[in-house]
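# would you be able to build a 3D model of this:
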Amino acid sequence: MRQLSYCYRICLSGYNEEGQEVMKGWIKWFDTKRGFGFIATDEEQEYFVHHSDLVDPHFTPSNGDEVEFEPVNSSKGLMAVDVEKVI
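Sure, this is the predicted structure:
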């Protein structure tokens, strides 16, 4: 479980190989110049994603890319961390 002082765990849909809870979604939009965007899920939730939370620094998110991520609820809203492209 990722420990962030301003976050707490919320509803999740599965576990990765390390036993961390993860969700699946897709890139709704991502602005590569500004380095952030949003991930949408089947549960009709949207999660903010920042380029620093992408696991692979060479992954450039494109609209529609399927991803897995660890969801956190921060004081600013829902966020996605440890974001990985589903291959």
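# touching, residue 39 and residue 27? I think so.
Yes - the pair residue 39 / residue 27 is scored as a contact, 6.1 Å apart, by C-beta atoms under 8 Å. In this view, the C-beta of every residue, glycine as well, is placed from N, C-alpha and C.
# mutual contacts of those two, please.
49, 67 (C-beta atoms under 8 Å, 6 or more residues apart in numbering).
# neighbour count for the two, which is higher?
residue 39 (28 against 19; other C-beta atoms under 10 Å).
# beta partners for that one?
Beta-bridge partners of residue 39, counted by DSSP bridges, are residue 27, residue 47.
# got the contact list for it?
25-28, 46-47, 49, 67, 69, 80, 83.
# against residue 48, how distant is residue 35?
12 Å (C-beta to C-beta, to the nearest Å).
# in the helix or strand containing residue 82, what's buried?
In this assignment (DSSP states H and E), residue 82 forms part of strand 77-85. Neighbour-count burial for strand 77-85 flags 78-83, 85 (criterion: 16 or more other C-beta atoms under 10 Å).
# ok, and what's touching it?
2, 4, 7, 10, 20, 22-23, 25, 39, 45-50, 53-56, 59, 61, 65-73.
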